[in-house]
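J.: Test case, fold it:
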Amino acid sequence: MAHVERRGAGRWRARYRDPTGRVRSKTFERRADAERFLTTVEHSKLTGGYVDPSAGRVTFKGFTQRWLEDQTFEETTREAVCSRLRVHLLPAFGDLELRSIRPSTVQGWLRGTQERCAPRSARVLLANLSAILGAAVEDELIPRNPCSSRAVRAPAVDQARVIPWPAEQVTSVIAAHPDRWRAAPLLAAGCGLRQGEVFGLRVQDVGFFGRRVLVRQQVRLLHGRPSVAPPKGRKAREVPLPEIVAVGLAEHLRVYDAVGGVVFTSRERKLVTRTYYNRHIWKPALVAAGIEPTRQNGMHALRHFYASALLEAGTSIRAVADYLGHRDPGFTLRTYTHLMPSSEDRVRQAIGAALEAPAASPRPGATSKA
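T.: So this is what the prediction gives:
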């Protein structure tokens, strides 16, 4: 039976049996603390939340190694997670026992991380840490995930508004590309493909007669080398193929061979990497078009142009999300809602049309005055 006993001046020992019947104890300086501890233990036993205090003695590094082995990541995701662990998480938590990682430990590390990383990166690191410690909770090594505490506050991320390029700017950048690459930005702007999806496009995925592009793969860097992978989220999709893009792709394929069925390849007949393209093709084209080659003016700007053009034409958020390959239409809405036609203007037009229609037609039985 759980009880508290005195162990000399200023020492109180709480004794109890764990769910296996093993006698355990813990010593406190105050009787009230010992009784509070026993109350917590008995409650956790009744609710099924009891965790063996010695279970959390495994180090964060030791548990993380086993956790990594059990994950079913894509290889590119695994590479990114391993990099974050090596650079950020293991130096901070590697030698700590799981049971010693408190919310204050996490918040202190997070505060220091904010000085070295952008808020968005810090949130990604926190998410990785939380996933690992959450797995430790599921394995009953620790009772709670310290990252879930209200005392842990992730840095706020300023959501910069997307300002799409005007059509003239898009066409000037496309025109500034060398002949060999001109169809690449045309495809990105006309079909909304991600950069890696452009470089992963195969001839067999271009439906010239059905006017559809099948997005089935992308080119990604794995261990520093280009490799073919499924689209983001492993979500294949179909995108309408505009006439101008179809003509541009057909002209490209007429002049340049599709190596291994891939539409865009380097002069060395190899897969194209974003590093090579951005440095040698994209940025020089920006400079030639009079555009500053900043991070905000990356090739993703063509995807924003595509989304804004669809929304301006009245395409639904659901359709835009499908064409862009977004899993959650809510993300599409949050990103591009300011580009949608004003709801107030739509209300004025809708109500005006509804009220004007009856007034324009004569009432039944009404006669006109001569």
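J.: Give me the buried stretch members for the helix or strand where residue 129 lies, please.
T.: For residue 129, the host element (DSSP states H and E) is helix 119-138. Of the residues in helix 119-138, those scored as buried under the neighbour-count criterion (16 or more other C-beta atoms under 10 Å) are 121-126, 128-130, 132-133, 135-137. C-beta: built from backbone N, CA, C; applies to glycine.
J.: repeat for stretch 150-160
T.: Neighbour counts using 16+ other C-beta under 10 Å place 152, 154-155 of stretch 150-160 among the buried residues.
J.: Repeat that for stretch 301-312.
T.: Of the residues in stretch 301-312, those buried by neighbour count under the rule 16+ other C-beta under 10 Å are 301-311.
J.: Show the average pLDDT along that stretch.
T.: Confidence for stretch 301-312, expressed as mean pLDDT, is 92.
J.: Please list the residues outside that stretch that contact it.
T.: Residues lying outside stretch 301-312 but in contact with it, judged by C-beta atoms under 8 Å, 6 or more residues apart in numbering, are 162, 164-165, 167, 170, 173, 185, 188-194, 317, 319-320, 323-324, 332, 335-336, 339-341.
J.: how far is that stretch from where the chain is centred?
T.: When distances are taken as C-alpha atoms, centre = their mean, to the nearest Å, stretch 301-312 is centred 20 Å away from the chain's centroid.
J.: Then stretch 2-16?
T.: Going by C-alpha atoms, centre = their mean, the spacing between the C-alpha centre of stretch 2-16 and its chain's C-alpha centre is 51 Å.
J.: And stretch 244-261, by the same measure?
T.: With C-alpha atoms, centre = their mean as the basis, stretch 244-261 stands 32 Å off its chain's centre.
J.: Doesn't residue 16 lie inside a helix?
T.: No - under DSSP: H, G, I helix; E, B strand; the rest coil, residue 16 falls outside any helix and is assigned strand.
J.: ok, the closest residue in space to it that isn't next to it in sequence to residue 273 distance?
T.: With sequence-adjacent residues excluded and distances taken as C-beta to C-beta, 6 or more residues apart in numbering, residue 16 is closest to residue 2, at 4.0 Å. Between residue 2 and residue 273 the computed distance is 63 Å (C-beta to C-beta, to the nearest Å).
J.: Which of these two has more residues huddled nearby?
T.: Between residue 2 and residue 273, counting by other C-beta atoms under 10 Å, residue 273 is the more crowded of the two (20 against 15).
J.: The closest residue to residue 324 other than its chain neighbours: what's it in contact with?
T.: Using C-beta to C-beta, 6+ apart and skipping the chain neighbours, the partner closest in space to residue 324 is residue 192 (5.3 Å). Each residue near residue 192 by C-beta under 8 Å, 6+ apart is listed here: 239, 303, 306-307, 310, 323-324.
J.: In strands, which of the residues you listed appear?
T.: Assigned to strands by DSSP state E, the following of those qualify: residue 239.
J.: so who does the spatially most central residue of the chain touch?
T.: Against the mean C-alpha coordinate of the chain, by C-alpha atoms, centre = their mean, the closest residue is residue 124 at 9.0 Å. Contacts for residue 124 were tallied using C-beta under 8 Å, 6+ apart; they are residue 84.
J.: gap between residue 281 and residue 152?
T.: Look at residue 281 and residue 152: by C-beta to C-beta, they are 43 Å apart.
J.: Over to residue 320?
T.: Applying C-beta to C-beta, one obtains 35 Å for the distance of residue 320 from residue 152.
J.: what do you get for residue 254?
T.: Distance, residue 254 to residue 152, by C-beta to C-beta: 58 Å.
J.: Also residue 123?
T.: Distance from residue 123 to residue 152, by C-beta to C-beta: 11 Å.
J.: Surely residue 246 touches residue 210?
T.: No - no contact is recorded between residue 246 and residue 210 when judged using C-beta atoms under 8 Å, the distance being 10.5 Å.
J.: Neighbour count: the two, which is higher?
T.: In this comparison of residue 246 against residue 210, neighbours counted by other C-beta under 10 Å, the higher total goes to residue 246 at 17 against 11.
J.: dump the residue contacts of the more buried one.
T.: Under the criterion of C-beta under 8 Å, 6+ apart, the contact partners of residue 246 comprise 206, 208, 211.
J.: Give me the buried subset of these.
T.: residue 206.
J.: So which of the contacts of residue 246 sit within strands?
T.: Using DSSP E, the subset of those located in strands is residue 206.
J.: tell me the domain ranges of this protein?
T.: What automatic domain parsing lists as the domains of the chain is 3-50, 57-148, 167-339.
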